Structure formats: C-alpha cells, structure tokens
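Engineer: A structural model of the following input is requested.
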Amino acid sequence: MPKLLLITASAATIKRVRRSRFLNFQQITMPYLASRVPPGWEVIHVDEEAEEIDWNAEVDMVGVTFHTPSAYHAYDIAARFRSRGVCVVLGGPHVTLVPEEASKYADVIFVGEAEGLWEEFLKSFEAGTYLKEYQLTTPPSLENVPAARKELFHRHDYSSGVLFATRGCSNECDFCTVSVMYCHSLRKRPIAEVAAEYASFKGKVIIFWDDNIAGDLAYAKELFDAIAPYRKWWSSQASIQAGRDDAFLEAAARSGCKQLFLGLESISQESMKGVNKHFNRVESYYEIIERIHSYGIAVQAGMVFGFDADTPQVFKDTIDFLEEAGVQNATFNILTPFPGTALFRRLEAEGRILTRDWTKYNSRANVVYQPRQMDTTELLAGFRYANERFYSLPSIARRLLRSPVQLWWTLPLNLAYSYGWHRGGPRISGPSS
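Structural biologist: Got it, this is the predicted structure:
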C-alpha cells in the first residue's frame with residue numbers, strides 16, 4: 001500500500017510572527033486533496049502550525065503546500081526527504097508564483113489548482129511514470145468536489161469546521177495573489193453540495209474559507225437560504241459590496257453569519273486607486289460598516305499600511321477611523337509585493353525591491369520594499385503603533401461600546417488579542433537584519 005505524507009508547511013519564523021494572532025484558521029488545501037487520493041493509499045497529514053514532522057516516517061511520497069515566507073523551509077523539507085529517495089511534490093501559492101524556482105527543489109511541482117491532475121499524477125506514480133510539472137490549461141470544475149477529510153484537520157482554531165463555497169475573485173487588485181492563482185475568475189460549487197458539507201460538521205462554528213463570499217451576490221443569497229435550517233454560526237471574507245446590499249446582509253444574518261472580514265485596506269482613496277482597488281469607495285466606509293452592524297454582524301477590517309499615498313499620519317488616522325466606526329476587530333498588514341503580482345513588477349521596475357529573502361515576505365515583521373513617503377523604520381514603527389493602540393484597553397472599550405455587536409464573544413477575543421500583542425507581538429526589523 002503506497003504511503004503519502006501531506007505537509008502544510010509553516011516555518012518557525014512565520015510562526016513567531018503569527019503568535020500575536022489569537023486565531024490562525026485551519027488551512028484546507030491538504031484535507032481536500034486527501035479526499036481525492038485513490039483507494040489503496042495511506043494518507044498522513046502534518047500541519048506544522050499544530051504538530052511536528054516525523055523525519056523518519058517511512059513514506060513513498062511527500063506533498064508540501066506553502067506560502068512565500070515558508071518557501072526556504074519547504075525547500076529544506078524537500079531536500080531531507082529527497083535525500084532518502086522519497087518522491088517530493090511541491091505546490092501551493094508560492095510554487096504558482098515562482099514555478100521556475102520551486103522546480104529546482106522538487107521531483108514534481110503543481111502550478112495553480114490541482115484538481116483532476118492530482119488524481120492523474122497519483123495513478124502515473126503507481127505506474128512508475130509521471131511528469132515533472134503539472135498545470136491545468138483551464139480552471140477545474142468545482143462540481144462534485146469530495147468533502148474534505150475531517151480527521152486531517154489538526155488546528156485548535158475554535159471553529160467546528162472549515163470549507164469553501166467559491167474560489168477566486170473577479171477583481172484584479174495589484175497586490176493580491178488570489179488573482180494570479182485563479183486567473184481573475186470567480187467559480188462556485190453547487191449549492192446543494194456546499195450545504196451538505198456544511199451540515200456534516202458536528203459543531204456550531206463554521207468558517208467559509210472563501211476569498212470573497214460576496215463575489216456573486218445572487219449565489220450567496222441562495223447559499224445562505226440553503227444553510228439557514230442548520231442553525232450554525234459562520235464567518236467569511238467579503239468585498240466591500242457585501243455591505244451595500246441589504247438583501248445579502250439580511251440573508252447572511254438569518255443563516256447565522258456572526259462576522260464578515262472586509263478588505264477595506266486603506267482609508268485613502270488615492271491608495272485604493274493606486275493599486276487598482278478603486279471600487280473601494282472610502283467615503284462609504286462608515287455607512288457600510290453601520291449597515292452591517294445593523295444586522296447584528298460584527299466587522300473585522302483588513303487594513304494595509306505602506307501604499308504610495310501613505311505618510312506617517314496614516315497610522316493615527318486609520319485607528320481614529322476604526323474607533324469612530326466601532327469596528328470589532330482588525331487585522332493589520334504591511335504592504336508586501338509578493339512575486340508574480342503586478343505590484344512586485346512595478347516596484348521592481350522602479351528599483352524599490354529591497355530584498356528577495358522570502359522569509360521577510362511575512363507582511364508583519366519586515367518591510368521588503370522602499371515606501372514612497374516614509375522610510376522602512378517609520379513604517380514598521382507605525383504598524384506596531386496601530387496594533388498596540390487598537391488592542392489597548394481604552395480602544396477596545398471605545399469601539400465595543402460604540403457598536404456592541406456580538407459583544408459576548410468580540411470582547412473576549414479583543415482581550416485575547418490584546419494579551420497576545422502586548423506579550424511581545426512580532427519582532428520588527430529592517431530588510432537586512
């Protein structure tokens with residue numbers, strides 16, 4: 001019986017950066033791929049956020065998925081197993097962004113999505129012949145997607161289940177890797193299949209790991225109607241258009257939505273225009289957040305610092321806005337030009353990329369390019385100020401009293417983030433450290 005080890009790689013450096021984040025939700029790639037493995041294979045999954053790799057495991061094949069800041073670590077994993085004669089397959093976001101680099105460290109690479117090709121490869125492996133690289137020429141169908149193997153979920157992320165309904169995003173924001181991964185398209189699973197998988201989770205709290213649950217509003221409303229009878233609670237990511245549609249919000253709330261993660265990114269319209277996210281109309285943010293709150297749905301704002309229009313004043317102004325709007329939670333990131341994106345190409349052409357050390361492409365502890373209106377030290381200091389102030393007790397009180405939506409869990413979560421950040425937070429450093 002062939003034995004397959006699947007690894008969701010996470011380097012020690014990125015785990016340290018993430019330690020201030022109370023929640024790090026289960027990555028779903030490997031549990032879904034495992035469900036496509038033909039009968040007769042034994043499958044093991046190691047998620048490095050939750051467990052250690054057994055380097056002495058007797059396996060026939062190792063598959064590794066990873067993001068850019070864990071690239072060198074993933075290559076080390078590959079080298080250790082290949083030195084024993086084990087076939088190593090690499091895939092995931094970083095491989096898709098820089099396949100030429102990744103191919104140097106693997107026996108096989110998967111560029112982009114793997115459905116269909118994955119099964120073909122495994123059969124070829126059993127037959128003793130397979131290709132060096134697999135890449136689909138057209139997006140795979142999302143019909144009849146096998147449910148993820150629940151026994152391979154290992155993180156303790158306070159959710160009862162993680163799944164996806166849609167994949168990709170029709171927007172083409174310059175800094176986003178999603179449009180590169182999925183070629184600017186939004187695809188949808190059949191609603192009945194999503195609802196069945198949603199219902200199969202025994203617990204109450206579900207995460208939709210979609211890039212944009214509001215990418216097709218009509219589809220989303222139909223999906224929410226289908227899952228409402230199961231009386232579970234759920235959260236997902238959404239574009240700003242989610243807050244413009246009352247019918248969407250009403251259906252979401254009725255189906256159990258407790259929080260939406262909104263990619264607000266910046267309070268500067270100039271910044272949004274500069275990275276091709278002009279559909280985010282900053283002047284509407286207050287109204288949209290208030291409307292979402294009116295349906296009893298909490299808002300987690302995704303904010304990015306370091307756009308070309310940003311000056312050192314942006315940090316204070318951003319937290320002032322979030323407090324005034326009564327945002328329950330926020331995730332702050334340093335603008336990071338991931339390889340393969342339009343942003344990387346532009347900054348490289350302008351001579352502003354400071355390092356290609358992928359460990360520093362973590363969006364929280366390092367600046368890897370030259371900002372236009374501040375230096376790297378100012379950007380790092382402002383990022384830390386934003387986190388410290390937002391998760392300070394006065395800010396928590398100000399925000400949650402202004403909009404006491406879902407207070408029973410948003411208050412404990414804020415306090416947990418406050419403790420995690422003030423316990424140390426990520427160490428910040430410049431590009432050469």
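
Engineer: contacting residues around Y230?
Structural biologist: A195, Y198, A199, G256 (Cβ atoms under 8 Å, 6 or more residues apart in numbering). C-beta coordinates here come from the backbone N, C-alpha and C atoms, glycine included.

Engineer: Spatially nearest residue to the third one (excluding sequence neighbours)?
Structural biologist: I take that to be A199. What sits nearest to A199 in space, not counting adjacent residues and going by Cβ to Cβ, 6 or more residues apart in numbering, is Y230, at 5.0 Å.

Engineer: pLDDT at the one you found, what is it?
Structural biologist: On pLDDT, Y230 comes in at 97.

Engineer: re earlier: between the contacts of Y230, which has the most around it?
Structural biologist: Y198 (22 neighbours; other Cβ atoms under 10 Å).

Engineer: Looking at the contacts of Y230, which is nearest L131?
Structural biologist: Y198 (35.6 Å; Cβ to Cβ).

Engineer: Give the helix, strand or coil label for E143.
Structural biologist: coil (DSSP: H, G, I helix; E, B strand; the rest coil).

Engineer: Pretty sure it sits against A192.
Structural biologist: No. Contact criterion Cβ atoms under 8 Å: E143 and A192 do not qualify, at 10.5 Å.

Engineer: Now the residue nearest to A199: phi and psi?
Structural biologist: Per-residue torsions, Y230: phi -80, psi -10 (degrees, to the nearest 10).

Engineer: ditto for the one 4 residues further on
Structural biologist: Dihedral angles phi and psi of W234 (degrees, to the nearest 10) take the values phi -140, psi 160.

Engineer: Can you tell me how far the closest residue to it other than its chain neighbours is from S271?
Structural biologist: In space, and not counting its chain neighbours, W234 is closest to I206: 4.4 Å by Cβ to Cβ, 6+ apart. According to Cβ to Cβ, to the nearest Å, I206 and S271 sit 33 Å apart.

Engineer: Excluding chain neighbours, what is closest to V86?
Structural biologist: In space, V86 is closest to V62, 5.6 Å off (Cβ to Cβ, 6+ apart).

Engineer: List the beta-bridge partners for that neighbour.
Structural biologist: Beta-bridge partners of V62, counted by DSSP bridges, are L5, V88.

Engineer: Next, the contact list for it, please.
Structural biologist: Taking Cβ under 8 Å, 6+ apart as the test, what V62 contacts is L4, L5, L6, I7, I77, A78, F81, V86, C87, V88, V89.

Engineer: ok, S35 - contacts?
Structural biologist: P146, A147, A148, R149.

Engineer: In PyMOL, how would I select just the buried ones from those?
Structural biologist: Selecting the buried subset of the contacts of S35 in PyMOL, with 16 or more other Cβ atoms under 10 Å as the burial test, is done by:
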select buried, resi 148+149
